[in-house]
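K.L.:
Structure for the following, please:
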Amino acid sequence: MDALTALLSRRTAQRFLPTPVDAEVLDRCLAAAHQAPCHKHTWPWRFTVVGPEARLVVTAAAIELKSAGKPVSEKQQAFFESQFAHPGALVAVSQVVAADAERAREDYAACAAAIQNLQVAATAHGLHAKWSTGALTRHPEVLRILGLPTGEEVVGLVWVGVGMDPPNVVRPPLTEVVRRVP
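P.N.:
Now for the predicted structure:
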């Protein structure tokens, strides 16, 4: 698939089939992520491939956050497992945070570009991806299982796999988001 087709056809899947992602394909996606633009060649991104055992910890943390500590039914448990434990691959993308605020801001942008490259590469391989942020990326048990060193923060969790019914998002017309100045 050519790059423009991959960019224009990329969709965020919310649910995935439990089909494993081939390690070689995932490595190609990570290599594409590593090609993201980066100011000052700081290479601030780090990629942690989260295995099945660690995903169970992520799943438990997600259940804790989403249920607000209330018991969940077997159906809800199965839903959380399908969302968090069973997609083909899960990658935590983290940033080595610079002490300088402006450098840290530019490095965050570079990490976001790396995540976009990862998602487009997944699309080029016939897969889907989902970039997730929020409380789960800061949950103490998730951080513990990821084993991030001091000075690193999670930018997002990226699920990669065979998406189930990815939405076809209707975007505003290009004329609404583009300005031209003389």
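K.L.:
ok, then the element right after the worst-scoring helix or strand of the chain on mean pLDDT?
P.N.:
One helix or strand of the chain scores below all others by mean pLDDT, DSSP states H and E: helix 74-80, with a mean of 84. Using DSSP states H and E, the helix or strand that follows helix 74-80 towards the C-terminus is strand 89-96.
K.L.:
for Asp165, what are its contacts?
P.N.:
By C-beta atoms under 8 Å, 6 or more residues apart in numbering, the contact list for Asp165 reads Ala13, Arg15. In this view, the C-beta of every residue, glycine as well, is placed from N, C-alpha and C.
K.L.:
gap between it and Cys111?
P.N.:
From Asp165 over to Cys111 the distance is 29 Å, taken as C-beta to C-beta, to the nearest Å.
K.L.:
what do you get for Ala122?
P.N.:
Look at Ala122 and Cys111: by C-beta to C-beta, they are 17 Å apart.
K.L.:
Using the three-state scheme, assign the residue nearest to the spatial centre of the chain.
P.N.:
The residue lying closest to the centre of the chain (C-alpha atoms, centre = their mean) is Val158, at 1.9 Å. What DSSP: H, G, I helix; E, B strand; the rest coil gives for Val158 is strand.
K.L.:
Leaving out chain neighbours, which residue sits closest to it?
P.N.:
Val91 (4.7 Å; C-beta to C-beta, 6 or more residues apart in numbering).
K.L.:
who touches Pro44 in this structure?
P.N.:
Cys38, Gln95, Val96, Val97, Ala98, Asp107, Tyr108, Ala110, Cys111.
K.L.:
State the pLDDT value of the closest residue to it other than its chain neighbours.
P.N.:
Of all residues not flanking Pro44 in the chain, Asp107 sits nearest, at 3.7 Å (C-beta to C-beta, 6+ apart). Asp107 carries a pLDDT value of 98.
K.L.:
pretty sure Asp107 contacts Thr42?
P.N.:
Yes: counting by C-beta atoms under 8 Å, Asp107 touches Thr42, with 5.6 Å between them.
K.L.:
Now do the shared contacts for the two.
P.N.:
By C-beta under 8 Å, 6+ apart, the residues touching both Asp107 and Thr42 are Val96, Ala98.
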